[in-house]
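Enquirer: From the sequence below, what's the structure:
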Amino acid sequence: MMSPFLCLWIATFFAVSQGCPEPCTCVEKKYGRQLAECAYRGLQAVPAGLPSNVTTLTLSANKITSLQQSSFLDVTQVQSLWLAHNEICAIEEGTFARLLHLKNIDLSHNQLVDFPWGDLYNLSALQLLKMNSNQLVKLPWEAFHTLKDLRSLWINDNKFTTIAQGTFDAMSSLSQLQIYNNPLNCTCRLLWLKTWAENTLISIPKRDSISCAAPESLRGIPLGKIPKLQCTPPSVQLTYHPNLDNTVVYDGLMLMLHCSVTGSPQPEIRWKIQTSSQGTEINGPNVERDGNDLSAGGSKQNAESFLLFKNGTLVIPNFSKQEEGTYTCLATNEVGTREVSVNMALANSENTVEDLFRNNLATSKLGAKHCNKEAQANSSKAGEKLVIIYRVPAGMGSSDGGTLLESHLWAYMLCLVIFLYC
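Expert: All right, here's what the predicted structure looks like:
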């Protein structure tokens with residue numbers, strides 16, 4: 001006859017083992033919690049058939065290479081998920097999104113280059129997040145914005161070159177942050193982190209290992225010890241140059257808008273063009289030359305409607321009614337963005353230049369008789385200017401007509417200078 005103790009042991013064994021996939025071991029804990037121990041089993045994937053009441057799942061030190069949406073559908077009550085020391089290089093979006101009870105997750109010592117950061121949005125109960133010792137490159141600034149209970153964040157030993165300002169602001173419970181051993185690019189964009197780290201009460205271990213990998217002049221220097229950088233927002237000036245080789249301006253005028261910028265670091269220039277028919281954005285040069293030695297003939301033979309040179313000069317080879325609109329130059333660096341716009345309008349040849357400016361001054365967006373340069377300097381967007389192009393039909397230009405046109409042209413140039421430099 002079987003002893004009562006042996007019966008109890010067998011019953012307990014089967015109760016513990018029931019529903020636990022091999023080669024894992026499942027152990028019942030207090031209050032209905034259950035531990036699934038699957039570490040060091042040589043697993044290449046998350047095993048199927050795990051008990052639904054598992055609250056702690058240990059899958060560390062296996063050979064798992066990827067995770068899918070279906071990987072944890074059986075264990076949506078899990079609170080602690082240990083996945084360190086695997087070979088995980090890919091995680092499908094939505095893999096963790098349903099684990100609403102998750103408090104601890106360890107993905108350290110894997111081969112992750114990318115991560116479905118949107119999955120963290122639903123994990124508001126998370127308290128520990130370890131992603132250190134991977135190959136992660138990009139860290140969205142909003143990645144942790146819902147993790148108000150997160151206490152410890154480990155993202156050290158990755159490939160992050162920059163961290164956006166505000167990345168850690170929402171984590172009001174954070175007490176430990178590990179960000180060392182990342183190849184930081186210590187430019188103006190990262191200066192906020194130096195100031196923030198100097199003033200925060202959060203524990204930040206190994207501060208001297210939070211160092212610069214670039215630029216070359218700062219390589220190896222701890223972020224907290226880098227010298228003061230010269231960081232100034234862009235300043236923009238827009239100048240206009242018509243093609244006046246022959247004094248007479250004919251229909252099909254070539255226009256040149258030059259965007260002159262200063263700032264540190266050197267700002268990048270792009271143009272936005274809004275005409276009545278379409279909007280166009282030019283984010284980089286489409287002409288190899290720098291625009292300083294531009295020949296009208298060469299430009300007019302180009303099939304492009306707008307030519308952007310490397311020095312910021314925008315050329316409209318054949319300005320016509322179709323090219324009327326607002327031309328905006330935007331200059332951007334790591335400190336900010338500034339822009340300045342000009343409205344280009346093509347008038348009829350029947351009107352004199354004086355009439356054109358008199359009739360349009362009231363409707364111009366300039367609007368004032370003087371220019372407030374101080375107000376423009378404190379704004380990221382300078383006021384728009386109105387430029388009216390005096391179009392002369394082909395064939396007009398000699399004798400008395402040429403003399404009359406020349407007087408109008410000089411008046412036009414004078415008004416143009418007033419409008420552009422205000």
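
Enquirer: Assign Thr195 to helix, strand or coil.
Expert: Here Thr195 is recorded as helix under DSSP: H, G, I helix; E, B strand; the rest coil.

Enquirer: measure it to Leu153 for me?
Expert: 19 Å (Cβ to Cβ, to the nearest Å). Any C-beta I mention is one placed from the backbone N, CA and C, and that applies to glycine too.

Enquirer: between the two, which one's more packed in?
Expert: Leu153 (24 against 11; other Cβ atoms under 10 Å).

Enquirer: other SSEs contacting whichever helix or strand that one is part of?
Expert: For Leu153, the host element (DSSP states H and E) is strand 152-154. On a contact count with 3 or more Cβ pairs under 8 Å, 6 or more residues apart in numbering; DSSP states H and E, strand 152-154 meets strand 128-130, strand 176-178.

Enquirer: strand partners of it, parallel vs antiparallel please.
Expert: The sheet places strand 152-154 alongside strand 128-130 (parallel), strand 176-178 (parallel), with pairing taken from DSSP bridges.

Enquirer: Out of the helices and strands packed on strand 152-154, which is closest to Leu112?
Expert: Distance to Leu112, taken as Cβ to Cβ, is lowest for strand 128-130 among these, at 11.8 Å.

Enquirer: how about Pro21, secondary structure?
Expert: coil.

Enquirer: distance of it from His101?
Expert: 21 Å.

Enquirer: And for Thr280?
Expert: Distance from Thr280 to His101, by Cβ to Cβ: 51 Å.

Enquirer: Show me the domain layout of this structure.
Expert: 4-225, 232-421 (automatic domain parsing).

Enquirer: mean pLDDT lowest for which of those?
Expert: Mean pLDDT per stretch puts domain 232-421 lowest among the domains of the chain, at a mean of 62.

Enquirer: buried residues in stretch 84-98?
Expert: Within stretch 84-98, the residues scored as buried using 16 or more other Cβ atoms under 10 Å are Ala84, His85, Asn86, Ile88, Ile91, Thr95, Phe96, Ala97, Arg98.

Enquirer: Which of the residues in stretch 139-156 are classified as buried?
Expert: Buried residues in stretch 139-156 (16+ other Cβ under 10 Å): 139, 143-147, 150-156.

Enquirer: quick one on the thing from earlier: which of the strands paired with strand 152-154 is buried the deepest?
Expert: strand 128-130 (a mean of 20; mean count of other Cβ atoms under 10 Å).

Enquirer: next one: it to chain centre, how far?
Expert: Per Cα atoms, centre = their mean, to the nearest Å, the displacement of strand 128-130 from the mean C-alpha position of its chain is 25 Å.

Enquirer: Quick one: residues in contact with that strand.
Expert: If you take Cβ atoms under 8 Å, 6 or more residues apart in numbering as the criterion, strand 128-130 is touched by 84, 103-108, 120, 147, 150-154.

Enquirer: any chance of those residues in JSON lines, plus distance to Cys329 and secondary structure?
Expert: Output for these, formatted as JSON lines (distance: Cβ to Cβ, whole Å; DSSP: H, G, I helix; E, B strand; the rest coil):
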{"residue": "Ala84", "distance to Cys329": "51", "secondary structure": "coil"}
{"residue": "Lys103", "distance to Cys329": "51", "secondary structure": "coil"}
{"residue": "Asn104", "distance to Cys329": "51", "secondary structure": "strand"}
{"residue": "Ile105", "distance to Cys329": "47", "secondary structure": "strand"}
{"residue": "Asp106", "distance to Cys329": "49", "secondary structure": "strand"}
{"residue": "Leu107", "distance to Cys329": "45", "secondary structure": "coil"}
{"residue": "Ser108", "distance to Cys329": "47", "secondary structure": "coil"}
{"residue": "Leu120", "distance to Cys329": "39", "secondary structure": "helix"}
{"residue": "Leu147", "distance to Cys329": "40", "secondary structure": "coil"}
{"residue": "Leu150", "distance to Cys329": "42", "secondary structure": "coil"}
{"residue": "Arg151", "distance to Cys329": "47", "secondary structure": "coil"}
{"residue": "Ser152", "distance to Cys329": "46", "secondary structure": "strand"}
{"residue": "Leu153", "distance to Cys329": "41", "secondary structure": "strand"}
{"residue": "Trp154", "distance to Cys329": "44", "secondary structure": "strand"}
